[in-house]
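Engineer: Sequence and computational prediction follow.
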Amino acid sequence: MKEQLKCILRLDACSGNSPMNKTIIVTGIPGTGKTTVCGLAEKLAKDAGVQANVINYGTIMMGILQKSGRSLKRDEMRKDSIDTQRSLQKQVAEAVAEKANQLKGLTIIDTHMSIKTPEGYFPGLSTNNLGILKPDVLVLVEAQPAEISSRRLKDVSRKRDAALEASVKEELAFSRAIAGACAVFSSVPVKVVMNAEGKPEEAAKEILRALDVIRL
């Protein structure tokens, strides 16, 4: 399995090439399990001897807020003013890009394609920020609406949005629409990966296969 992954990603001596840097932006609405999947993708790559790092957009954002002296809970950021969110997103994109430039191998950026704000759905990735991040692949982690609803209801550690299936379906639709626009602007492929209940590792493997250097 390790040797197969090395060859699949062409990031080792299997192909005789030097390590190749790739950036994948992995997104998903709350409850899809994207952060768990990102962590597994990082682990699978590292287990195969492939350099890989996950950068969590939200974590970087919280760090910037704390440095500025603001105290804001993670799930309350989306309720801030659009102007404030737009400015903060740019700061985060620049910080993420700077960090990614220092890394080699596979960089997995964990973030949201769309954000449900009081004013409506707001892009998690603006055209300006996509230009800063320069992704090679965009990934949408999804799950069945009923599974997402169930996960949100079970997650007491976070203040999630409504778990009604109709609301979840709407969020998924907007996320796909924005992903399509981002793919057009960036001229990169967008891959939809299903994170079925109990099978996050399969979803992680699909993310690794989303690279255009895949062999299997």
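Structural biologist: All right, it came through fine. Numbering: from 1, shown residues only.
Engineer: At the geometric centre of this structure, which residue sits there?
Structural biologist: Val26 (2.4 Å; Cα atoms, centre = their mean).
Engineer: part of a helix, is that residue?
Structural biologist: No: the assignment for Val26, made by DSSP: H, G, I helix; E, B strand; the rest coil, is strand rather than a helix.
Engineer: Please report how far the nearest residue to Pro123 once chain neighbours are set aside lies from Lys90.
Structural biologist: In space, and not counting its chain neighbours, Pro123 is closest to Ile178: 5.3 Å by Cβ to Cβ, 6 or more residues apart in numbering. Backbone N, C-alpha and C define where each C-beta goes, glycine included. To Lys90, Ile178 is 17 Å away according to Cβ to Cβ, to the nearest Å.
Engineer: The two - which one has more neighbours?
Structural biologist: Ile178 (21 against 14; other Cβ atoms under 10 Å).
Engineer: ok, that one - contacts?
Structural biologist: Applying Cβ atoms under 8 Å, 6 or more residues apart in numbering to Ile178 gives the contacts 113-114, 121, 123-125.
Engineer: Okay, helices next: where are they in the chain?
Structural biologist: 2-9, 34-47, 57-67, 82-101, 127-133, 145-154, 165-186, 200-209 (DSSP state H).
Engineer: can you tell me how far the closest residue to Thr36 other than its chain neighbours sits from Thr32?
Structural biologist: Closest residue to Thr36 apart from its sequence neighbours, by Cβ to Cβ, 6+ apart: Pro200 at 5.2 Å. Using Cβ to Cβ, Pro200 is found at 10 Å from Thr32.
Engineer: Settle it for me: which of those two has more neighbours?
Structural biologist: Higher neighbour count among Pro200 and Thr32: Thr32, with 25 against 20, using other Cβ under 10 Å.
Engineer: Nothing else from me, thank you.
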